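Participant: Turn this into a model:
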Amino acid sequence: MGDAKHTEYRGSIHQRQKELMLKWYERLNEAAETGTPPAISLMISGNCVELLEAFGAVPIYPEVNALQLAIRHQSLEPILAAEEIGYAPDNCAYVKADIGCYLKGITPTGSKLPKPDLVLCNFVGCNTYVKWFEHTAVLTNSKLYVLDVPFLREDNPSQADIDYVVRQLKELVSLLEQITGRQFDYDRFVEAVRCSAQVEDLWSQIKHLARRSPSPFDAYFDAITLMGPLYVYRGTPEGVEFFRAALEEMQAKVAIGQGVYDQEKFRLVIEGPPPYPYFRAFRDMFAKWKACTVASTYSTVGGLWEFGARHDPDHPFEAVALHMLAHNVTNRNYLQRYEQIRRYLEDWNADGLIIHFVKSCRLFSAGQGDMRDYVTKTLGIPTLYIESDLEDPRYFSEAQTRNRVDAFFEALEHSKLTAAV
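Facilitator: Numbers count the residues shown, from 1 in each chain. Model prediction:
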């Protein structure tokens, strides 16, 4: 995949990422076998993981489990198991993979997943979350709490919306004290928020390095390596340590002018998650053309920190509420997503946009046809629109996708040559 420099990059950071993620699965396995630490299910987008740190709880992320299954080519069996009990073929494949995991006892590492002490539905943007977590609570016979986060209707949330979420967070604290038998540690909560702010700043610095040419990393394919620790360890010293080391490694590459490839021929922005069951094959399609992704919307599912958003340890409850309301891409409308992409294309100096439509995620993908028209006609940026799925291997045609990717880069290459004459 790629050249020697590309292979070299995936060394130390990639290895440390694997160690951290295995450590997380070990904690989940410990919770399954001993009942401690407390284990709480919640979503990636706009979550309140800092609050869990105050109780020493370990987060269960169904989305991370689902993508790990897919990237290891283990997702079809749990998907089929969910369909056998009534889930439709066009239901969200993440949901089916997660439900199927519980039905079949399948996990990405072979270790055990604990029964959640609490199924915490942090409803942000996607209404599928509510039904997903309702089903999970019934399946695992766990208590359910739905944390209602109003949709971001303006550029910034109102104070009333922030107060509304804060009241729920404080109600959640009381519930967690009852469920876990542990007292809320406010100082530990503040420290977790402080760690989150540090991680967010480091991650933001890393993402801004991709504005350089050549970019020292791919902000889609390589960013996914970094996103696991970002989600699981955001509010922890381990997360700060990991991202500080990652930033230093990236800066060292910038200092010697080392990019992802020996020559960076194309710079891209990508909208939407990748087809995880064919992740390597999909990446190779871009590596063939030495096309580096310099920005991606998918890497902002956990937070829009490259645009200045940070958790504030001086106002921890409000900071968590603000993150849930405004600082993640899932809770934003299409016009806000258009603006995010426009800034990427212009500020990160990109040549084109790739839109990956996820067939089983209609809520997030439904408006991407209009997005393509906006970027192509209004911004005048070449755009490729492709369809498959992030989890279900039945929805990916490798040959057809490769042909479309090749045709896109052939046209982009011709356009660049013509402009240079």
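
Participant: Could you measure from the residue nearest to the spatial centre of the chain over to Arg332?
Facilitator: Closest to where the C-alpha atoms of the chain average out (C-alpha atoms, centre = their mean) is Val301, at 4.6 Å. Relative to Arg332, Val301 is positioned 11 Å away (C-beta to C-beta, to the nearest Å). For the C-beta atoms, the positions are set from N, CA and C on the backbone; glycine is no exception.

Participant: again with Ala70
Facilitator: 25 Å.

Participant: These two: which is more packed in?
Facilitator: A direct count of neighbours by other C-beta atoms under 10 Å for Ala70 and Arg332 places Ala70 higher, at 27 against 22.

Participant: what's the closest non-adjacent residue to the more buried one?
Facilitator: Leaving aside its sequence neighbours, Ala70 sits nearest to Tyr276 (C-beta to C-beta, 6 or more residues apart in numbering; 3.5 Å).

Participant: Next, count neighbours for the one you found.
Facilitator: Neighbours of Tyr276 (other C-beta under 10 Å): 27.

Participant: thought it was touching Ile71?
Facilitator: Yes. Counting by C-beta atoms under 8 Å, Ile71 is a contact partner of Tyr276 at 4.7 Å.

Participant: ok so, going back, from memory the residue nearest to the centre of the chain sits against Thr330, does it?
Facilitator: Yes. Between Val301 and Thr330 there is a contact at 6.1 Å, judged by C-beta under 8 Å.

Participant: any shared contact partners between those two?
Facilitator: Common contacts of Val301 and Thr330 (C-beta atoms under 8 Å, 6 or more residues apart in numbering): Ser45.

Participant: where's Ile386, which helix or strand?
Facilitator: Taking DSSP states H and E as the criterion, Ile386 maps to strand 383-388.

Participant: Test for you: state the pLDDT assigned to Arg10.
Facilitator: Among the per-residue scores, Arg10 shows a pLDDT of 46.

Participant: low-scoring stretches of the stretch 301-421 of the chain, by residue?
Facilitator: Residue ranges of the stretch 301-421 of the chain with pLDDT under 70: 421.

Participant: actually the stretch 1-150 of the chain, sorry about that
Facilitator: In the stretch 1-150 of the chain, residues with pLDDT under 70: 1-11.

Participant: the helices in it, which residues?
Facilitator: 4-9, 12-34, 49-53, 62-71, 76-84, 93-104, 128-140 (DSSP state H, counting those that start in this stretch).

Participant: Which secondary structure elements does the helix or strand hosting Arg188 sit against?
Facilitator: If you go by DSSP H and E, Arg188 is part of helix 186-209. With contacts taken as 3 or more C-beta pairs under 8 Å, 6 or more residues apart in numbering; DSSP states H and E, helix 186-209 sits against helix 49-53, helix 221-232, helix 237-255, helix 316-326.

Participant: so which of the ones you listed is the most packed in?
Facilitator: Sort the helices and strands packed on helix 186-209 by mean neighbour count, taking mean count of other C-beta atoms under 10 Å, and helix 49-53 sits at the top with a mean of 25.

Participant: Please export the C-alpha coordinates of that one as CSV.
Facilitator: Output of helix 49-53 as CSV, limited to C-alpha atoms (Å, rounded to 0.1, in the frame of the first residue of the first chain):
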residue,chain,number,x,y,z
VAL,A,49,-17.5,10.6,28.6
GLU,A,50,-15.9,13.0,31.1
LEU,A,51,-18.8,12.4,33.4
LEU,A,52,-18.1,8.7,33.3
GLU,A,53,-14.5,9.3,34.3
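
Participant: Next, count neighbours for the residue lying closest to His208 once chain neighbours are set aside.
Facilitator: Leaving aside its chain neighbours, His208 sits nearest to Glu306 (6.2 Å; criterion: C-beta to C-beta, 6+ apart). Neighbour count of Glu306, defined by other C-beta under 10 Å: 24.

Participant: swap in Val149?
Facilitator: By other C-beta under 10 Å, the residues close to Val149 number 27.
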